[in-house]
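K.L.:
I'll drop the sequence and a predicted model, then ask my questions.
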Amino acid sequence: MTYCPSATVPFYKMQGSGNDFVVIDNRTLKLPREAMSEWASKICPRAFGVGADGLIFLENAPEGSELDFVWHFYNADGSRAEMCGNGSRCAARLGHELGFGSRTLVFGTDAGPIHAEVSESLDIVKVELTPPLDLALNAELDVDGQKISVHFVNTGVPHAVTIWDDVASLDVVKLGRALRNHPHFAPAGTNVNFIEIKDKNHILIRTYERGVEGETYACGTGNAASALIAHELGLVDAEVELTTSGNEILNISIEKDTVFLQGKAIKTYKGEMYLEALGITPGEEMRQCAHEL
Ligand SMILES: N[C@@H](CCC[C@H](N)C(=O)O)C(=O)O
C-alpha cells in the first residue's frame, strides 16, 4: 500500500517513568529506515516538534522469525540506539494493544531480543534486558580537574555509573557531558548515571542521556546498570528499588546474569502530526498527494 499522508501522520505519545516517546506504527506508513533519523530529529524537539526523548517505529517481524515484532529506536537528536529500557516497556505495551502479540511477547532490537510481560491493567511492564556486557569497575578518571571513580557496564546501551553522597546537589548536565565525551568512552560515548545508595534495597538516581544530551526524568537501562554495579560492589541486594529524578519508582531484579526492569508504561495520547509544520520533506509517494497538504 502506498502511504498518502493527507498532511498528517498518526502517532502515540507514551512515557515510561517520565522518559517520553513518540511511537509510530510503521506497518501502514512504511517509512524507509533511511528517513527515520531525520524524522526523530524533527519530531522530538520540545516546543518546535511533538516533544520526546526518543522516537520508536514498530514493524512486523521478518517472516518466519520467532519475534512478535521489531522496533527501530532513535534518540531525540536523531542518533540510533541499540536499546532503551523505558522505551522497550512502552513498545511492549503498545505492541500488545496494537495486536502484535499477547501480553507476554518478544521483540527485536539492535541489542538483541527483548522478552516482555505486560500486566493485566496494561500499565506495568516488566522486561528482561539483554545480558550485561563489558563490566568494568573503579576506573579513576579526570573530569574537569577532579578525579572520579567511574564504573561501566553495557545493559543494551553503554552506561557509566558514579556513586555520590548527595545526588540532588550535583550539576548532572556539566558532569554528565564531561564524562559522556571523555576519551575513555570514545568513540561511542556513554550515558552517565549518578547514584546515591540509601540502603540495601533503595537507590536514588539521576541520568545524563547520550542522544538527548541532557538529564532525563529516568533511564531504564541506566537504572539496570546502576543496580547491577551497586550489587557487584556489595552495596545493594539483588532486588532494588530506584527513585528517579522524576520521582518515579523503577524495580530491578538480578537473577544470576539476567536483569529484569519493571515500571509503569503509560499511553498519554494519540494524535496526528503535520509533516510540513515539522519541516519534514515528504518522500516521492507523499508528493503524489501534495494537493492534500
Ligand atoms: N532512555 C533509555 C536509553 C535510550 C538510549 C540512550 N540515550 C543511548 O543513546 O544510549 C532507557 O530507558 O534505557
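P.N.:
Perfect, I can see it now. Numbers count the residues shown, from 1 in each chain.
K.L.:
for stretch 216-236, buried residues please.
P.N.:
216-232, 235-236 (16 or more other CB atoms under 10 Å). In short, each C-beta sits where N, CA and C put it, glycine included.
K.L.:
near the ligand, from those?
P.N.:
219, 220, 221, 222 (CB under 6 Å from any ligand atom).
K.L.:
contact partners for the first one?
P.N.:
Applying CB atoms under 8 Å, 6 or more residues apart in numbering, one finds that residue 219 lies in contact with 19, 85, 86, 191, 193, 207, 209.
K.L.:
highest neighbour count among these?
P.N.:
In terms of neighbours by other CB atoms under 10 Å, these top out with residue 86 at 34 neighbours.
K.L.:
which bits of the protein sit near the ligand?
P.N.:
Counting by CB under 6 Å from any ligand atom, the chain sits next to the ligand at 19, 75, 81, 84-87, 157, 191, 209-212, 219-222.
K.L.:
I'd like the contacts of residue 219 laid out as a markdown table, including pLDDT, secondary structure and distance to residue 150.
P.N.:
Converted to a markdown table, the contacts of residue 219 look like this (pLDDT from 0 to 100; DSSP: H, G, I helix; E, B strand; the rest coil; distance: CB to CB, whole Å):
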| residue | pLDDT | secondary structure | distance to residue 150 |
| --- | --- | --- | --- |
| 19 | 98 | strand | 23 |
| 85 | 98 | helix | 20 |
| 86 | 98 | helix | 23 |
| 191 | 98 | strand | 12 |
| 193 | 98 | strand | 10 |
| 207 | 98 | strand | 14 |
| 209 | 98 | strand | 16 |
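K.L.:
now render those as a markdown table, adding distance to residue 66.
P.N.:
Output for the contacts of residue 219, formatted as a markdown table (distance: CB to CB, whole Å):
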| residue | distance to residue 66 |
| --- | --- |
| 19 | 28 |
| 85 | 22 |
| 86 | 24 |
| 191 | 29 |
| 193 | 32 |
| 207 | 32 |
| 209 | 31 |
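K.L.:
closest to residue 245 among the residues you listed?
P.N.:
Using CB to CB, residue 207 is the member of these that lies nearest residue 245, at 7.5 Å.
K.L.:
ok, now which ones touch the closest one?
P.N.:
172, 176, 191-194, 215-216, 218-219, 222-223, 244-245.
K.L.:
what's the average pLDDT for the helix or strand encompassing residue 147?
P.N.:
Using DSSP states H and E, residue 147 maps to strand 146-154. For strand 146-154, mean pLDDT is 97.
K.L.:
each with direction, which strands does that strand pair with?
P.N.:
Sheet pairing here is set by DSSP bridges, and for strand 146-154 it gives strand 133-143 (antiparallel), strand 158-163 (antiparallel).
K.L.:
relative to residue 128, how far out is residue 68?
P.N.:
Per CB to CB, to the nearest Å, residue 68 is found 14 Å from residue 128.
K.L.:
before we move on, what about residue 235?
P.N.:
Going from residue 235 to residue 128 by CB to CB gives 23 Å.
K.L.:
try residue 144
P.N.:
37 Å.
K.L.:
ok, those two, which is more surrounded?
P.N.:
Between residue 144 and residue 128, counted using other CB under 10 Å, residue 128 has the larger neighbour count: 18 against 11.
K.L.:
what segments of the stretch 151-293 of the chain are helices?
P.N.:
172-180, 220-232, 284-287 (DSSP state H, counting those that start in this stretch).
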